[in-house]
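S.K.: Need coordinates for the following:
(chains A, B, C and D)
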Number of protein chains: 4
Amino acid sequence: MYFASDNASGAAPQVMAALARANEGYDKSYGNDAIMDRVRAKIRAIFEAPEAAVYLVVNGTTANSLALSIGCPPWGSVFCHQDAHINVDECNAPEFFTNGAKLIGIAGDHGKIAPQALAQAIATTGQGGVHGAQRAMLSLTNVTEAGTVYTPAEVHALTSLAHADGQICHMDGARFANAIVATRATPAEMTWKSGIDVLSFGGTKNGLMGVEAVVIFDPAKAWEFELRRKRSGHLISKHRFLSAQMEAYLDDDLWLQLATVANAAAKRLSNGIAAHPGARLTHPTEANIVFASWPRAGHDRVKMAGAAYYFWPFDPSPSGPAEEPLSARLVTSWCTTTAEVDGFLSALNA
Amino acid sequence: MYFASDNASGAAPQVMAALARANEGYDKSYGNDAIMDRVRAKIRAIFEAPEAAVYLVVNGTTANSLALSIGCPPWGSVFCHQDAHINVDECNAPEFFTNGAKLIGIAGDHGKIAPQALAQAIATTGQGGVHGAQRAMLSLTNVTEAGTVYTPAEVHALTSLAHADGQICHMDGARFANAIVATRATPAEMTWKSGIDVLSFGGTKNGLMGVEAVVIFDPAKAWEFELRRKRSGHLISKHRFLSAQMEAYLDDDLWLQLATVANAAAKRLSNGIAAHPGARLTHPTEANIVFASWPRAGHDRVKMAGAAYYFWPFDPSPSGPAEEPLSARLVTSWCTTTAEVDGFLSALNA
Amino acid sequence: MYFASDNASGAAPQVMAALARANEGYDKSYGNDAIMDRVRAKIRAIFEAPEAAVYLVVNGTTANSLALSIGCPPWGSVFCHQDAHINVDECNAPEFFTNGAKLIGIAGDHGKIAPQALAQAIATTGQGGVHGAQRAMLSLTNVTEAGTVYTPAEVHALTSLAHADGQICHMDGARFANAIVATRATPAEMTWKSGIDVLSFGGTKNGLMGVEAVVIFDPAKAWEFELRRKRSGHLISKHRFLSAQMEAYLDDDLWLQLATVANAAAKRLSNGIAAHPGARLTHPTEANIVFASWPRAGHDRVKMAGAAYYFWPFDPSPSGPAEEPLSARLVTSWCTTTAEVDGFLSALNA
Amino acid sequence: MYFASDNASGAAPQVMAALARANEGYDKSYGNDAIMDRVRAKIRAIFEAPEAAVYLVVNGTTANSLALSIGCPPWGSVFCHQDAHINVDECNAPEFFTNGAKLIGIAGDHGKIAPQALAQAIATTGQGGVHGAQRAMLSLTNVTEAGTVYTPAEVHALTSLAHADGQICHMDGARFANAIVATRATPAEMTWKSGIDVLSFGGTKNGLMGVEAVVIFDPAKAWEFELRRKRSGHLISKHRFLSAQMEAYLDDDLWLQLATVANAAAKRLSNGIAAHPGARLTHPTEANIVFASWPRAGHDRVKMAGAAYYFWPFDPSPSGPAEEPLSARLVTSWCTTTAEVDGFLSALNA
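M.R.: Numbering: from 1, shown residues only, chains lettered A, B, ... in the order given. From the prediction side, this is the model:
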């Protein structure tokens, strides 16, 4: 009954097996391994993007920060949801990698930016010529931080506004697989066909040890990306171990299989909680994260039974906020079992 | 009838005379000039702060950015009003000087942060330990960007919250003289006695060619400031010309005399506009900036008569916003004459 | 016969086994895993440093750059050998992490800084007060880039000069295990007992997939290190997989066993090459890297036989430099076999 | 008898008069003043460069650092003489403005880089692809830090090597006027006709209060320069006061007149010192700086007589280095008088 984070899950067995295979013998370092050639080809095929530049890094902080750094100059600004992970949970990593760009948070229900809100932000930011931050990028998180999912049409509505303003569009896809499973969109539809220029394609939260791909649909900045990756310490010497994870992830659509498990578990959990007396879903459950509130007694029972999750908005105190009902975030993953979900619901309703 | 900016005014005659005197003979460079010794002593006396470190730079961008850089680490955050100059008008200079700190804008009426809003921001920012930006500073602008003035008691209410949270408190005093004239507070009351740790003490907008002082009440970071000033290109070689301006500014309370003229002109202008049919002050006029709206016809008449000012929120189009009444910002300065003000009002009411 | 880099070797079987064990079940993320607690305790014990702060990162670029960033301010300078990896092979990563510090390369035979050279550099660097870079750190690589090894006494001679000047002393121990095996010094003798304040303790080149520890003997900057690690994208979410590698590395002195194999292979290779007609060791072979020159015909024979290594100074052309004898670098690792070494020598002497 | 620095001189009378004229009435701020339009046109005419972008800043640190920042990326390197001001006297300002570029000092007699030395540096720097700093710029100081002068032919020999390698070429012309007077080259011959892409055109050391121009011969990066200038705090609000200084400097070739005085004074001083028993010129005197050594007794006599200058290499102790003869640097300026020079020589030879 571990719902605190999808980072607390391990790696899928297929991934472990791939690592063991990759460990045999010598191989070239720094991304020149043969597995990476296959990974690059496979990602280009999956995204129907034969020219895309593809790189691997060890986590989402890095994928996002490097992606922003090739699109936003130090004097630029990045529009994102005010609760975006890049804005509130990265200890200023985007600002470090961009050398001082400004993230401009936009409000929006359920973690999603509304087109009108983006249009308003564009109209009121950096109008003062050289004196203001220069509007440079839009970053969308999909699955959002509220567990909701943008459809390709919703993505397109936002990127159209940004592109009309000359901006570059990024998608933080730490949970991209879950968004694809939720929408049944193709990877291409969800990204470049909807106006996304650069994607952080997550794997770590969905069954890898620690690998994310950055997919740059316009490869003009590929070499710059490589230099930025190296000087930030993110070019891995024994790179084959990253490549092997990603290859296993893509083989036989493992990435989609794993996300399907996670999304289904979240839906089962969400339905169960919603049926609990006094409970309410605070965001719709569209992928693998459940946001809900319910009375304190229920929290006490599930915690007693061993459930792990966070009160939300993040509250580090064990007893959580003072007022009832108490709001919480529960995250499922590729290894969440039905038994875990049902065990949680039994305790809740006991 | 030039009300576009106090930066459009020249230097006061006393300042020009001081520059001529300072130009005689050789003098040590890089801040080792004899005039600077007198300036330092004078500022310490005026602020009743015998230990304060005092430095001169050429403009407010620099004074503010350097002041923030000694109080906020790259992984830190600075709370400020959402319309603060440091947040919207410096092309990410604070982010550059701090190497990536995050400015967190707080809403508030008439350019002022309300204590409850600051308390709320503190309670919801960076609660995630290493993952979030670390709360580090509070920056207050006084005179605010809305032309209003914090009293020492209001300053104290905010710095108390920040200090209780371990933050360092900065005041952007680009128009500090105008705030002092408006409140009749002493410089000490407005700053360290109200919890301000570092002050940008403006001179440029109030009759200097281009000099601002940074007053650091706790001198522990004085040497770091000097290194930061040098490596950012802001240690001036022929420094005596900065010192001379500041000395003239302080002599015989010239700084207060000049600000008195500017504030009185703004009040006269404000009263006149408020009496115009259909006009409304959009912010109270407390110092040397008037914010008001009035019908388009009045705008047309004063512009025809040669008045210069900006539609506000900043709108670069000559005809301004589409809806009436049109909002504007008008700034007076040390050299605004009664004739200018009355000429404007005559045209407005013609 | 792969001698191009120790990065081309895989991970030791014990490490793979540890990863498999660590993969079971849920575990806390971001360094809060239980394995890390054991790793920290073990490293403190090995280094006889019960207060040391211990952190894991994924590679040497990062270990070194973060270590420098907590010791050298942006306006500071780091003394290092002119051929130091941090100076020539990191695409300005140290400059990025420190936000602009200056690395000052010092010449010295066989990759080692001579005390007189360091003293001279100290005496002629940054004498101009605020105008020059501020002397801040000394960084020694051990094993050096020339494959030689500093003894603890040699380390101490250099750190004494640096400490007398107020500097902080760093050791780049990407091949620390090889240096320990070569000198039979204890880890404490090689580091803090000889004046080292912060150590990059390598594992990747010596049998790990990709983990290095940073050991900070004075923990005053531990929290700053954690913030810097996070904002540079180097706090790994599924951190248990780093911890598990390092734990296996330390268990039963695996790290020393692996380095013993590598050093012995290098010695066998070095002896064999030195006996080749026209060959010469260009640096003494003291650890796991052989630098030698020999006639072109010998290069042709070993390359034909499948040997991989670089001409050195690094020369990317397949035929290498024009003049004979051609200089080369050959690196052994934990998995180099006697058969590989002897196969190389047979081909050389064929 | 003030020969410590040309920064210790004041501003020429023509400059003071221009400032007084510029002070009348209102004028647009931030570089939009009418005087700047004339300055831009005049500099373009003087340099026969009708497309050049022209900007003013307050000192040489800034002119150089901004010029480097538009030519060298954070992962790049700048070749310069090892004693170049940008390398040793700017507290890492170039590293700050470029966000971490590496300056690579090249040895060379009398402050000048020899073509062979540059070729060698190019051949041995950054050969490792993504791992090394990327060669990006060449920076030449003219007048050099040793008081010598590159001819246009010498400049061209160096820029040809750099351009062949894809680099951008910068000239630090803090004493550009002195170099022009010394060589009788035209400004165009000394710069773009010899391969210089961006020039720091100094004024401060030669009779201005504090203004340098940056002349960018290829204006493609003009807007980027403006943004970098703003965010580094170097866009001056009352910019007319910079423009006015530069206009006066260019009017009637004042800049060349002033430099002619300085160069002549240095020659007279140099000749006199060279004739002193035991004296020796340590660098040839080609512009306005004299480097010479002579016995201690002579130093004692001139210091007693009130002469100010530095022992060199810079030695802050009053009695200077222990060994005789003691080396010194003496700088003349636009306001050095024959009486000062002759007074110095009389005391020396007394």
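S.K.: what helix or strand does the residue of the stretch 201-350 of chain A at minimum distance from chain B sit in?
M.R.: Residue of the stretch 201-350 of chain A nearest chain B, by CB to the nearest CB: residue A:314 (5.5 Å). In this view, the C-beta of every residue, glycine as well, is placed from N, C-alpha and C. Using DSSP states H and E, residue A:314 maps to neither a helix nor a strand.
S.K.: Neighbours of it, how many?
M.R.: By other CB atoms under 10 Å in any protein chain shown, the residues close to residue A:314 number 15.
S.K.: ok, it touching residue B:125?
M.R.: No - using CB atoms under 8 Å, residue A:314 is not in contact with residue B:125; the gap is 11.2 Å.
S.K.: quick revisit: check contacts around the residue of the stretch 201-350 of chain A closest to chain B.
M.R.: B:127-128 (CB atoms under 8 Å, 6 or more residues apart in numbering or on different chains).
S.K.: Tell me the pLDDT of it.
M.R.: Reported pLDDT at residue A:314 in the predicted model: 85.
S.K.: Quickly note the distance from it to residue A:4.
M.R.: Note on residue A:314: its distance to residue A:4, by CB to CB, to the nearest Å, is 11 Å.
S.K.: repeat for residue A:306
M.R.: Residue A:306 is 12 Å from residue A:4, by CB to CB.
S.K.: what does residue A:51 give?
M.R.: 40 Å.
S.K.: cool, and residue A:83?
M.R.: Residue A:83 is 18 Å from residue A:4, by CB to CB.
S.K.: do residue A:14 as well
M.R.: 24 Å.
S.K.: sorry, back to before: give me the more crowded residue out of residue A:51 and residue A:4.
M.R.: The neighbour comparison of residue A:51 against residue A:4 (other CB under 10 Å) goes to residue A:4, with 17 against 11.
S.K.: surely that one meets residue A:331?
M.R.: Yes - counting by CB under 8 Å, residue A:4 touches residue A:331, with 6.9 Å between them.
S.K.: so what's in contact with those two at the same time?
M.R.: Contacts common to residue A:4 and residue A:331, judged by CB under 8 Å, 6+ apart, are residue A:309.
S.K.: so what's the closest residue to chain C within the stretch 51-200 of chain A scoring on pLDDT?
M.R.: Nearest residue of the stretch 51-200 of chain A to chain C, counting by CB to the nearest CB: residue A:62, 3.5 Å away. For residue A:62, the pLDDT comes out at 98.
S.K.: Could you find the closest non-adjacent residue to it?
M.R.: residue C:233 (3.5 Å; CB to CB, 6 or more residues apart in numbering or on different chains).
S.K.: which residues sit in contact with the one you found?
M.R.: With CB under 8 Å, 6+ apart, residue C:233 has these contacts: A:57-59, A:61-62, A:65-66, A:93, A:97, A:232-234.
S.K.: if we go to 6 Å?
M.R.: A:61-62, A:65, A:93 (CB atoms under 6 Å, 6 or more residues apart in numbering or on different chains).
S.K.: quick one: which of those is most hemmed in?
M.R.: Neighbour max across the contacts of residue C:233 (other CB under 10 Å) = residue A:61, 30 neighbours.
S.K.: longest single strand anywhere in chain A?
M.R.: As assigned by DSSP state E, the longest strand anywhere in chain A is strand A:134-141.
S.K.: So which residues on chain A come close to chain B?
M.R.: A:75, A:89, A:91-92, A:95-96, A:100, A:102, A:127-128, A:131, A:133, A:314 (CB under 6 Å from any CB of the partner chain).
S.K.: at 8 Å instead, please
M.R.: Remark: the part of chain A in contact with chain B comprises A:74-77, A:88-92, A:95-96, A:98-103, A:124, A:127-134, A:313-316, using CB under 8 Å from any CB of the partner chain.
S.K.: and residue A:215, how many residues sit next to it?
M.R.: 28.
S.K.: what secondary structure does the closest residue to it other than its chain neighbours sit in?
M.R.: Nearest non-adjacent residue to residue A:215, counting by CB to CB, 6+ apart: residue A:199, 4.5 Å away. With DSSP: H, G, I helix; E, B strand; the rest coil as the basis, residue A:199 sits in strand.
S.K.: Spit out the contact partners of residue A:350.
M.R.: Residue A:350 neighbours (CB under 8 Å, 6+ apart): residue A:301.
S.K.: What pLDDT is listed against it?
M.R.: So residue A:350 comes in at 92 (pLDDT).
S.K.: Could you measure from whatever residue of the stretch 251-350 of chain A ends up closest to chain C over to residue D:37?
M.R.: At 7.8 Å from chain C, residue A:308 is the closest residue in the stretch 251-350 of chain A, using CB to the nearest CB. Going from residue A:308 to residue D:37 by CB to CB gives 68 Å.
S.K.: So if I had to pick from the two, which one is more boxed in?
M.R.: residue A:308 (15 against 12).
S.K.: Leaving out chain neighbours, which residue sits closest to residue A:156?
M.R.: residue A:194 (4.3 Å).
S.K.: wait, what's in contact with the one you found?
M.R.: So, once contact is read as CB under 8 Å, 6+ apart, residue A:194 ends up touching A:152-153, A:155-156, A:159.
S.K.: what's the pLDDT at it?
M.R.: On the pLDDT scale, residue A:194 gets 98.
S.K.: residue contacts, the residue most central in space within chain A?
M.R.: Among the residues of chain A, the one closest to the centroid is residue A:174, at 2.0 Å (CA atoms, centre = their mean). For residue A:174, the contacting residues are A:60, A:85, A:141, A:143, A:200, A:202, A:204-205, A:212, by CB under 8 Å, 6+ apart.
S.K.: hmm, try it at 6 Å
M.R.: Counted by CB under 6 Å, 6+ apart, residue A:174 has contacts A:60, A:202, A:205.
S.K.: follow-up on the earlier one: please convert the buried members of the residues of chain A next to chain B into ChimeraX selection syntax.
M.R.: Buried members of these, defined by 16 or more other CB atoms under 10 Å in any protein chain shown, are picked up in ChimeraX with:
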select /A:74,75,76,77,88,89,90,91,92,95,96,98,99,100,101,102,103,130,131,132,133,134
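S.K.: Of the residues of chain A next to chain B, which belong to helices?
M.R.: Among the residues of chain A next to chain B, the members falling in helices (DSSP state H) are A:88, A:95-96, A:98, A:124.
S.K.: So residue A:51: helix, strand or coil?
M.R.: Following three-state DSSP, residue A:51 is assigned to coil.
S.K.: From chain C, how far out is the closest residue to it other than its chain neighbours?
M.R.: Excluding the flanking residues, the one nearest residue A:51 by CB to CB, 6+ apart is residue A:219, at 5.6 Å. Counting by CB to the nearest CB, to the nearest Å, the separation of residue A:219 from chain C is 20 Å.
S.K.: thought residue A:219 was touching residue A:53?
M.R.: Yes - the pair residue A:219 / residue A:53 is scored as a contact, 4.1 Å apart, by CB atoms under 6 Å.
S.K.: Which one's more surrounded, those two?
M.R.: Remark: of residue A:219 and residue A:53, residue A:53 carries more neighbours, 21 against 13, as counted by other CB under 10 Å.
S.K.: ok, now which ones touch that one?
M.R.: So residue A:53 contacts A:216, A:219, A:222 (CB under 6 Å, 6+ apart).
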